[in-house]
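Visitor: Would you be able to build a 3D model of this:
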Amino acid sequence: MASTKKRLSSYLEGLVWVGLCALLCGFPCRAQQAPVVPTGKSALPGSAGTEASLPGQQPDPQSSGSITGKVVDQSGTTISGVVVKLKREGQTSDTETFSDDDGQFTFSNVASGSFQLTITSEGLASRDFSGTLNPGEAYHTPLIMLMIATQVTEVHVGLTVDELADVQIQEQVHQRVLGFIPNFYVSYVPNAAPLAPKHKFELAWRSATDPVTLAGVGVLAGVEQATDRWGAYGQGAQGYGKRYGATYVNIFSGTLIGGAVLPSLLKQDPRYFYKGRGSKASRLLYAVGNSFICKGDNGKWQPNYSNVMGSFAAAGLASLYYPADDRRGSSFIVSTALIRLGETSLASVLEEFVLPKLSRKGSTRAQAQP
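Guide: Predicted coordinates for the structure are as follows:
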């Protein structure tokens with residue numbers, strides 16, 4: 001019995017010592033635990049197991065995106081070397097790039113948020129564009145069109161309307177398709193100065209006497225001889241000479257009457273004014289209708305009496321020198337005039353959609369003063 005009590009006492013004493021050691025050893029560990037944070041409160045810096053953001057945490061790399069765009073002029077031709085500056089809200093420095101040969105530019109690794117683009121090119125008015133870049137977005141700007149800079153007009157400050165028309169005409173007579181085909185009767189300046197009669201006759205004379213025009217008449221005369229059109233002229237050099245003369249007189253009279261005489265008398269502008277904007281359908285309708293609607297010297301649109309009456313007048317003159325056997329009375333005049341009107345409509349369509357990309361334009365492109 002005594003031995004049993006002794007063993008029990010030893011056992012209890014051992015338990016007390018184990019408990020005391022456990023208490024003393026466990027206190028430092030307990031003291032290093034983080035304090036309990038109530039729900040909705042932020043933990044102390046360095047604590048674990050919380051959902052609060054840490055100070056100085058870096059943004060998600062996937063939040064950056066890109067901005068791309070394309071720059072063209074008012075004729076739709078892409079512009080290379082355009083300076084494009086990117087400015088971010090809250091930043092003092094700008095990021096700069098240049099458009100490539102296709103007129104395209106790109107900014108990569110751009111942080112999300114509001115931005116502003118400034119697009120500048122020498123001789124053209126600068127443009128500003130603003131937008132908002134979403135995280136990870138590849139932002140494509142609408143097509144950016146740069147117009148002729150208003151500063152160009154300052155070169156001509158003090159010029160009269162007649163003097164300004166002189167400058168513009170000198171530019172127009174240097175417009176050539178592919179660098180050599182005359183393209184004098186088109187204006188890329190929507191508010192061009194009205195032409196005086198001397199300007200209208202100058203355009204008609206330059207167009208009708210241009211070496212390329214004379215060469216083109218030679219080609220047409222050759223085709224007519226090969227197909228034996230106007231058979232009464234015969235063949236050989238004499239037949240070719242008659243065809244060449246008749247074809248040239250037809251072109252010269254049509255250009256002079258419809259492009260100079262009647263426009264001077266009726267105060268109408270014989271030029272085609274390039275539109276370059278709007279839907280393709282609206283531009284096509286505008287181009288086709290130019291044979292029947294023109295701009296007057298007063299700047300207002302009106303029926304194109306000059307072109308319609310000029311076409312019939314040139315057809316009437318042609319009936320005087322073309323072989324009688326190949327003429328069919330009044331039907332010849334009507335059909336020839338309608339063909340000419342169709343040709344002017346086709347030429348206007350080409351001026352609107354094709355020739356601006358192939359034509360060398362004047363360098364200064366002077367604007368009319370308001």
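Visitor: Spell out which residues make up each domain of this structure.
Guide: 61-147, 152-360 (automatic domain parsing).
Visitor: Format those domains as a markdown table; extra columns: mean pLDDT.
Guide: Listed next are the domains of the chain as a markdown table, based on pLDDT from 0 to 100:
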| stretch | mean pLDDT |
| --- | --- |
| domain 61-147 | 89 |
| domain 152-360 | 91 |
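Visitor: any chance of those in JSON lines, with mean neighbour count too?
Guide: C-beta coordinates here come from the backbone N, C-alpha and C atoms, glycine included. Putting the domains of the chain into JSON lines (neighbours: other C-beta atoms under 10 Å) gives the following:
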{"stretch": "domain 61-147", "mean neighbour count": "15"}
{"stretch": "domain 152-360", "mean neighbour count": "17"}
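Visitor: As PDB, could you dump the C-alpha coordinates of the helix or strand where residue 203 lies?
Guide: Taking DSSP states H and E as the criterion, residue 203 maps to helix 197-209. Presented in PDB, the C-alpha positions along helix 197-209 are these (Å, rounded to 0.1, in the frame of the first residue of the first chain):
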ATOM      1  CA  PRO A 197     -11.800  84.900-117.700                       C
ATOM      2  CA  LYS A 198      -8.000  85.100-118.300                       C
ATOM      3  CA  HIS A 199      -7.500  82.200-115.900                       C
ATOM      4  CA  LYS A 200     -10.100  80.100-117.700                       C
ATOM      5  CA  PHE A 201      -8.600  80.800-121.100                       C
ATOM      6  CA  GLU A 202      -5.100  80.000-119.800                       C
ATOM      7  CA  LEU A 203      -6.300  76.600-118.500                       C
ATOM      8  CA  ALA A 204      -8.000  75.800-121.800                       C
ATOM      9  CA  TRP A 205      -5.000  76.800-123.800                       C
ATOM     10  CA  ARG A 206      -2.500  74.900-121.700                       C
ATOM     11  CA  SER A 207      -4.600  71.800-121.700                       C
ATOM     12  CA  ALA A 208      -5.300  71.800-125.500                       C
ATOM     13  CA  THR A 209      -1.700  72.600-126.500                       C
END
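Visitor: Give me the pLDDT value at residue 40.
Guide: Note for residue 40: predicted pLDDT of 40.
Visitor: just to revisit the earlier point, in terms of secondary structure, what does the following helix or strand past the helix holding residue 203 contact?
Guide: Downstream of helix 197-209, the next assigned helix or strand under DSSP H and E is helix 211-226. Counting contacts by 3 or more C-beta pairs under 8 Å, 6 or more residues apart in numbering; DSSP states H and E, helix 211-226 is packed against strand 181-182, helix 236-256.
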